[in-house]
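*Asks:* need a structure here:
(one chain, ligands or ions: 1)
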Amino acid sequence: MTGEKIRCDACPVMCYIAPGQTGACARYANDAGRIVRTDPVVMLSAATARGARIVPFAARDWDGDPFPDDTRVTGIGAGTTYPDYKPAPFIVSSQVDGADMVTVVTEAIFSYCGVKVKIDTDRFLGPETAVVRFQGEAAGHVTTAEYGSQMLSLGGVHHLTGGTKSEGRATCAALLALCNGQAVELTIDGGSLVVVQAGAAPIVDGRPENRMRVGCGSATIGMFAAQWRGLVDEVVVVDDHITGGVSEHQAGRVLGWEPTGIRILGHRSTPGRYFKVSEPGSGWGGTKLTDPLQILEAWNAKKGARAGLRLLMVSTTGEEFAYFVLDDALVPQPVPLPDALLPTVRLIDENCEPSRCTVLFMGGAGGSLRAGVTRNPVRLTQSVQGGETRLTSGGAECYVWPGGGITFMVDVTRLPPGAFGHVPTPALVAPLEFTLPRAVYLAMGGHDAAVRSLDQVLREGGEYPLAARLVGQG
Ligand code: SF4
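*Replies:* Presented below is the predicted three-dimensional model:
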């Protein structure tokens, strides 16, 4: 105690909190001389209707059976065990299909964490390894492009703790906002300004993305070559990675397309497949092209080019297309797209999925928080890796990386809103639940004396939380 202030010891910051005030993270408060968790602990039930229902812990008028049988306690609002010498905030026994189970829940503080962001777009966001900034501070980098998507890796211990204070603070703020489903504006060195929000369409340089490409240019040829047959003499699908030309492509050959004498600029990989026809950009198919004819050289009459030859050029989303007819000098002249070809372009568009941002939280739970679960921490790691202990985050399924430690990823849209918090060390706070058979829990050195039933939890509460909130889970 210092005067009227009391100390919160739920993280290394050790705030002194005045009565009626919250600490630096807003997760803990001084409630009439007692440290309390400001949010109720979240419990999930598939049997309950959607919508929050709050029950105060240890309430005098509690009816004794307020929650359905399938209620599961999550780590959201549960509080932390820092400095991890004590049992986790809630260790709850249950019966699952007649088996005695235990769920250990906690809010873990992660200095080793970040997010992997998948942005469904072919637009150029920035060179691979370029620095990604939030509020002007380095918060991550552009990583390898994937099929129809650009990937960012944000956060990590080096940005959180290894740079300046403002870098750490900005990185933590970006991670927290992204994990809680908020929109975040990121700038990429040598690239774009992109607005990212989990589950929403990305906005690249002020332009919302609508379509994720149907495939690369070669794949698009493979999918639709048969539908173009007889309607047009040549089709070029413009793509920053692999541009396709149907008459040379294996799909066109098999279907009997005639040679057209077309010559596509770029690195010819295999017949009808060209790399590097342009530079990456915000134009056709993720190139910087606004005029697709820039990737064509003079047509070769000896190899099939002739006046009147019909050419369709289209991007991998079908958003850009143009139709040409070769004149007597074998120069393509723009002509309105014939009605007969319009459905084929629309089919590309129809086969494109909506562009979305995906945010996966990634954290390392292999550290000291394990001591809140068991007195023999490596046994928990072994049990999770062995599939005996199931790890969830706020009730959501996690992917646990093979190898050492408990390094996991979770789709942030699968957690209830507001599930993530932070502390100013800086670090993120994320909910965790370990569920395993009670016999296994005891054998690994679990805190048996701290195991309680759900009824006990509701009657007695926890060290910090004041209330439980029941929400539906589909
Ligand atoms: S930052 Fe939050 S958890 Fe850490 S000591 Fe302050 S109030 Fe407690």
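
*Asks:* hey, where'd the helices end up in the stretch 351-474 of the chain?
*Replies:* 377-385, 438-443, 454-460 (DSSP state H, counting those that start in this stretch).

*Asks:* As a markdown table, the ones you listed with mean neighbour count and mean pLDDT would be great.
*Replies:* All C-beta atoms are positioned from the backbone trio N, CA, C, and that covers glycine. Shown next, in a markdown table, are these (neighbours: other CB atoms under 10 Å; pLDDT from 0 to 100):
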| stretch | mean neighbour count | mean pLDDT |
| --- | --- | --- |
| helix 377-385 | 19 | 96 |
| helix 438-443 | 17 | 97 |
| helix 454-460 | 16 | 89 |
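
*Asks:* and the closest residue to the ligand within the chain, what does it touch?
*Replies:* Among the residues of the chain, residue 23 lies closest to the ligand, at 2.0 Å counting by CB to the nearest ligand atom. By CB atoms under 8 Å, 6 or more residues apart in numbering, the contact set of residue 23 is 8, 13, 15, 17, 29.

*Asks:* let's go with 6 Å and repeat that
*Replies:* Residues near residue 23 by CB atoms under 6 Å, 6 or more residues apart in numbering: 8, 15, 17.

*Asks:* now the helices of the stretch 351-474 of the chain as a markdown table including distance to the ligand?
*Replies:* What follows is those, written out as a markdown table (distance: least, CB to the nearest ligand atom, whole Å):
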| stretch | distance to the ligand |
| --- | --- |
| helix 377-385 | 22 |
| helix 438-443 | 27 |
| helix 454-460 | 21 |
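
*Asks:* Of those helices, which is nearest residue 336?
*Replies:* helix 377-385 (61.4 Å; CB to CB).

*Asks:* and that closest one, how far from the chain's centre?
*Replies:* 26 Å (CA atoms, centre = their mean, to the nearest Å).

*Asks:* ok, now stretch 435-446?
*Replies:* With CA atoms, centre = their mean, you get 32 Å for stretch 435-446.

*Asks:* what does it rub up against?
*Replies:* With CB under 6 Å, 6+ apart, stretch 435-446 has contacts from 100-103, 374-376, 379, 388-390, 448.

*Asks:* If any of those are buried, give me the ChimeraX selection for them.
*Replies:* The ChimeraX selection below is limited to those of those classed as buried (16 or more other CB atoms under 10 Å):
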select :101,102,103,374,379,389,390
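
*Asks:* Would you point out the helix or strand in the protein whose mean pLDDT is lowest?
*Replies:* The weakest-scoring helix or strand in the chain, judged by mean pLDDT, DSSP states H and E, is strand 53-56 (a mean of 81).

*Asks:* That one - contacts with which helices or strands?
*Replies:* strand 467-472 (3 or more CB pairs under 6 Å, 6 or more residues apart in numbering; DSSP states H and E).

*Asks:* Need the mean per-residue confidence for the strand it packs on.
*Replies:* Strand 467-472 shows a mean pLDDT of 88.

*Asks:* Show me what it pairs with in its sheet, parallel or antiparallel.
*Replies:* Using DSSP bridges, strand 467-472 pairs in its sheet with strand 41-45 (parallel), strand 53-56 (antiparallel).

*Asks:* ok now the last one, how far from the chain's centre?
*Replies:* Meaning strand 53-56. On CA atoms, centre = their mean, the centre of strand 53-56 falls 31 Å from the chain's centre.

*Asks:* and if you look at stretch 165-177?
*Replies:* Chain-centre distance of stretch 165-177: 17 Å, with CA atoms, centre = their mean.

*Asks:* Same question for stretch 266-273.
*Replies:* For stretch 266-273 - counting by CA atoms, centre = their mean - the centre lies 34 Å from the chain centre.

*Asks:* Check stretch 10-19 too.
*Replies:* Worked out by CA atoms, centre = their mean, stretch 10-19 lies 32 Å from the chain centre.

*Asks:* Same question for stretch 180-193.
*Replies:* The answer for stretch 180-193 is 14 Å, by CA atoms, centre = their mean.

*Asks:* Look at that stretch and report the distance between its end residues.
*Replies:* Taking CA to CA, to the nearest Å, stretch 180-193 runs 21 Å from one end to the other.

*Asks:* And stretch 409-429, by the same measure?
*Replies:* 14 Å.

*Asks:* pLDDT on it, on average?
*Replies:* Mean per-residue pLDDT for stretch 409-429: 96.

*Asks:* Would that stretch count as contacting the ligand?
*Replies:* Yes. Counting by CB under 6 Å from any ligand atom, the ligand is contacted by stretch 409-429 at 423-424.

*Asks:* buried residues in that stretch?
*Replies:* Of the residues in stretch 409-429, those buried (16+ other CB under 10 Å) are 409-416, 419-429.

*Asks:* ditto for stretch 267-281
*Replies:* In stretch 267-281, counting by 16+ other CB under 10 Å, buried: 272-274, 277-278, 280-281.

*Asks:* contacting residues around that stretch?
*Replies:* Contacts of stretch 267-281 (CB under 6 Å, 6+ apart): 124, 218, 240, 242-245, 248-249, 264-266, 287-289, 295.

*Asks:* Endpoint to endpoint, that stretch covers what distance?
*Replies:* 18 Å.

*Asks:* Tell me how far that stretch lies from the chain's centre.
*Replies:* Per CA atoms, centre = their mean, the centroid offset for stretch 267-281 relative to its chain is 30 Å.

*Asks:* same thing with stretch 455-470?
*Replies:* On CA atoms, centre = their mean, the centre of stretch 455-470 falls 32 Å from that of its chain.
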